[in-house]
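Novice: Sequence below, structure please.
(one chain, ligands or ions: 2)
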Amino acid sequence: MSRPFRTPCLPAGDGGAGQIGRAAVRALHAELVLAPKPGLVSPLDNGSHADMDMATFLRSLSALRPYFRAIAAAGGDDAPFGDLAALGRDAERDMLAATGGVNTHRGAIFCIGLLAAASGLRRARGLRRSLGDIVRERWGRAILAAGEGAPPSHGSRVAARHGARGARGQAAAGFPILYRQVLPALTDGLAATGSADAAGVQALFTAMTYLEDTNLLHRGGPAGLSFVQGEAGRFLDRGGVLREDWRDQALALHRRCVARWLSPGGSADMLAAVWFLWSQGDRPDGIMAR
Ligand SMILES: CC(C)(COP(=O)(O)OP(=O)(O)OC[C@H]1O[C@@H](n2cnc3c(N)ncnc32)[C@H](O)[C@@H]1O)[C@@H](O)C(=O)NCCC(=O)NCCS
Ligand SMILES: Nc1ncnc2c1ncn2[C@@H]1O[C@H](COP(=O)(O)OP(=O)(O)OP(=O)(O)O)[C@@H](O)[C@H]1O
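Specialist: Ligands and ions are numbered 1, 2, ... in the order given. Down below sits the predicted model:
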């Protein structure tokens, strides 16, 4: 039975932008400290990354605090995509300054930034839509249009070569992977295990199974992408985090990804995004009253 959509309460002061910004940073922190995560930076090790570690990510996260609050406030003012993108470009500069030029959070600045803006708009207007729907309806067209003139990137090169839709395509469509696959996996994982770690791993492996991750295409081509999708899918088919030995199984895939120098960075962003959705009251069957 689906829950009725209820509008979250409005906190006093800045329209909730501070609260939304803090939730975004907490979601990214929760992704960072989770382990094991195949090929990704975690407290365990640097995964398939020679140029960054936990400390690099923590510096980056600290530099991004003002950004997430600012983009939530801009969303609350119903800013056009051009204004959000300008905030995002400034945030990328802050990230690069904090990390000595390393790309720790480019995907997250984009996707969690947009979701934070949508949360600001939802609170300001008392909307009863999911954050993904708000991103699609309010900024979807402009997101796709901005991609056409954008300077080349790893993502855009592999998108052109392999026909992938990448981060822009996922956002412009309202993040269907989050609502159809990753959020249900997180919710079911929490209900079945009562453990945020286990549910996070289940959500991450679900993203790895279904996402067309341009990081994997860039590093490993179509074979690298289908290796990760296939192995993550097998982990889920064998019972995922309901198996007693799930940590060993996840760790084994981590080692195999590192041996191939593969890193599912887009899926890491989806994990942080789904923690953010959870914190904002989005659920697979509606929006929780808060
Ligand atoms: C759209 C963005 C992410 C660039 O995407 P693009 O595919 O061109 O580049 P790039 O390879 O550098 O980064 C993509 C990142 O998205 C994540 N990702 C990869 N695949 C996917 C996917 N299928 N779905 C969601 N995220 C994904 C990964 O973290 C990856 O690192 C964004 O950084 C951007 O628009 N940059 C241009 C400058 C700008 O306007 N910034 C402000 C945006 S608010
Ligand atoms: N815990 C994490 N570990 C590694 N990458 C992550 C993690 N969380 C998110 N990511 C995402 O992965 C991306 C970084 O991946 P990667 O280093 O492969 O990208 P790149 O700089 O485009 O490529 P390369 O380093 O191969 O030149 C970031 O945009 C980031 O958002």
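
Novice: what residues does the stretch 1-150 of the chain put near ligand 1?
Specialist: Counting by C-beta under 6 Å from any ligand atom, the positions of the stretch 1-150 of the chain adjacent to ligand 1 are L84, A85, G88, R89, R106, G107, F110, C111, G113, A150. The way it works is simple: take the backbone N, C-alpha and C, and place the C-beta from them, glycine included.

Novice: Okay, and the third one sits in which element?
Specialist: Right, G88. helix 81-99 (DSSP states H and E).

Novice: wait, doesn't F81 sit right on G147?
Specialist: No. With contact defined as C-beta atoms under 8 Å, F81 does not reach G147; the gap is 11.1 Å.

Novice: could the residues of the stretch 1-150 of the chain next to ligand 1 be laid out in CSV, adding distance to ligand 2, neighbour count and pLDDT?
Specialist: Shown next, in CSV, are these (distance: C-beta to the nearest ligand atom, whole Å; neighbours: other C-beta atoms under 10 Å; pLDDT from 0 to 100):
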residue, distance to ligand 2, neighbour count, pLDDT
L84, 17, 24, 98
A85, 16, 19, 98
G88, 12, 19, 98
R89, 15, 11, 98
R106, 4, 19, 97
G107, 4, 24, 97
F110, 9, 21, 98
C111, 9, 23, 98
G113, 12, 26, 98
A150, 14, 11, 88
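
Novice: In contact with whichever residue of the chain sits closest to ligand 2, which residues?
Specialist: Going by C-beta to the nearest ligand atom, ligand 2 is nearest to G265 of the chain, at 2.1 Å. By C-beta atoms under 8 Å, 6 or more residues apart in numbering, the residues touching G265 are L40, G107, D213, N215.

Novice: Give me the subset of those lying in helices.
Specialist: Secondary structure from DSSP state H places G107, N215 of the contacts of G265 in helices.

Novice: quick one: which of the contacts of G265 has the most company?
Specialist: D213 (32 neighbours; other C-beta atoms under 10 Å).

Novice: phi, psi of that one?
Specialist: Per-residue torsions, D213: phi -90, psi 110 (degrees, to the nearest 10).
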